[in-house]
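A.B. asks: Predicted model and sequence below, questions to follow.
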Amino acid sequence: MRLLSQSLINGFFVLKESQKLLESDLKKYNFASKIVLKNNDKNFVMSFKVNFFTILMLSLLLESKIDKNRCVLYGKIILLIRQIVTSVDNVLDKERKGIIFIEGLSNLVVENAMMTFICQNILTEDIIHLERKEKIGNLNIRLLDKIYSIANGENLRRRNLYDRYPSMSYIETNIHRYIGGELLDISLFIPSLVEKNEKLELFSKGLFKIGMSLQGLDDFFDMKEDFENEDINLATSEYIELFSIKENEINFENIDSKFTKHYIERIISLAYEGFELLKSGGYPIDRSTGRFVLKKLFILRGLKDYVHYIK
């Protein structure tokens, strides 16, 4: 536990430097409205609550023995990608989430569109710098292709695209692969291409598994909401297959307790597989520390009543 804690703390210090670098770039945009970078807490515990995965990514980069200054740049790239993806989700969900905000814009669509433009512009400048320095071409196109695949995975969630409710296998392969696995793994996409580091390849595979697990978990707690919004859902698909019923026959207010136990434990086992891949790359995590991390994530996501499923 001590080694894991120290690794995360090291990632936190790199995150603070990445945030300072990003703030410096944002100040170049002299709009009438002020651009604000939030969630840049100086306190590790507070930052851990809202930036856990960013801190984890940076600790993985450090564990890969990548130069600290390069990790700081990759940290800024991670923050920019994080905001671009969140801004697109905000437009779809009519929300105002993320880490960068434009004060004074009351129209959510306008603010999120502007944030996407700004982040993409800064991101492109960083990628061009990397391409010239490392003599690697088409990084921006390859990243955009990755983002498109995630967006398309989200697009395939609409229930009206299917005559019958899609199978678990279809959802995992065509949707969760992108909105779960690759959405989390995308943070290491650029450094993986540039560094060609064997440890990063293992860490990337581990993050993919963890991302699949987290999306599966979200699906369980979103069963009713997704049904009402006419989005397909992995947990709903498994429920349909297990009980041989139709989606409109499910009592979403009273999900079978045996199914809850079976589903959550299966999803948790996928996260453990991801942790095992991180461990195989030399990251200081095992089943015991992985259990600790999962419990923290459950509590942070407001799932304290379900922590007892983590064994």
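C.D. replies: Looks like it came in fine.
A.B. asks: Provide a list of residues in contact with Glu154.
C.D. replies: Neighbouring residues of Glu154 by C-beta atoms under 8 Å, 6 or more residues apart in numbering: Leu92, Ile175, Tyr178, Ile179. Where C-beta positions appear, they are placed from N, C-alpha and C, glycine not excepted.
A.B. asks: Now flag whichever of those residues is closest to Ser237.
C.D. replies: Ile175 (10.2 Å; C-beta to C-beta).
A.B. asks: What segments of this structure are helices?
C.D. replies: 2-26, 44-63, 68-93, 108-134, 139-155, 168-171, 183-185, 189-195, 198-221, 223-228, 234-243, 257-280, 287-300 (DSSP state H).
A.B. asks: helices or strands next to the shortest one in the packing?
C.D. replies: Judged by 3 or more C-beta pairs under 8 Å, 6 or more residues apart in numbering; DSSP states H and E, the packing partners of helix 183-185 are helix 198-221.
A.B. asks: Now do the buried residues in the helix it packs on.
C.D. replies: For helix 198-221, the neighbour count (16 or more other C-beta atoms under 10 Å) marks 199-220 as buried.
A.B. asks: Next: stretch 91-101.
C.D. replies: For stretch 91-101, burial by neighbour count (16+ other C-beta under 10 Å) applies to Gly98, Ile99, Ile100, Phe101.
A.B. asks: got it, and stretch 249-261?
C.D. replies: In terms of neighbour count (16+ other C-beta under 10 Å), stretch 249-261 has its buried residues at Ile250, Ile255.
A.B. asks: Between its first and last residues, what's the separation in it?
C.D. replies: One end of stretch 249-261 sits 21 Å from the other (C-alpha to C-alpha, to the nearest Å).
A.B. asks: just stretch 30-45 next, same as before
C.D. replies: 33 Å.
A.B. asks: Please apply the same query to stretch 240-251.
C.D. replies: End-to-end distance of stretch 240-251 (C-alpha to C-alpha): 12 Å.
A.B. asks: ok, the residue lying closest to Ile210 once chain neighbours are set aside - contacts?
C.D. replies: Leaving out its chain neighbours, the residue that sits closest to Ile210 by C-beta to C-beta, 6 or more residues apart in numbering is Gly274, at 3.7 Å. By C-beta under 8 Å, 6+ apart, Gly274 lies in contact with Gly206, Leu207, Phe208, Lys209, Ile210, Met212, Ser213.
A.B. asks: Ser237: which of the residues you listed is nearest?
C.D. replies: Nearest to Ser237 among the contacts of Gly274, counting by C-beta to C-beta, is Met212 at 14.6 Å.
A.B. asks: Quick check: the closest one touching Ile175?
C.D. replies: No. In terms of C-beta atoms under 8 Å, Met212 does not count as a neighbour of Ile175; the distance is 10.6 Å.
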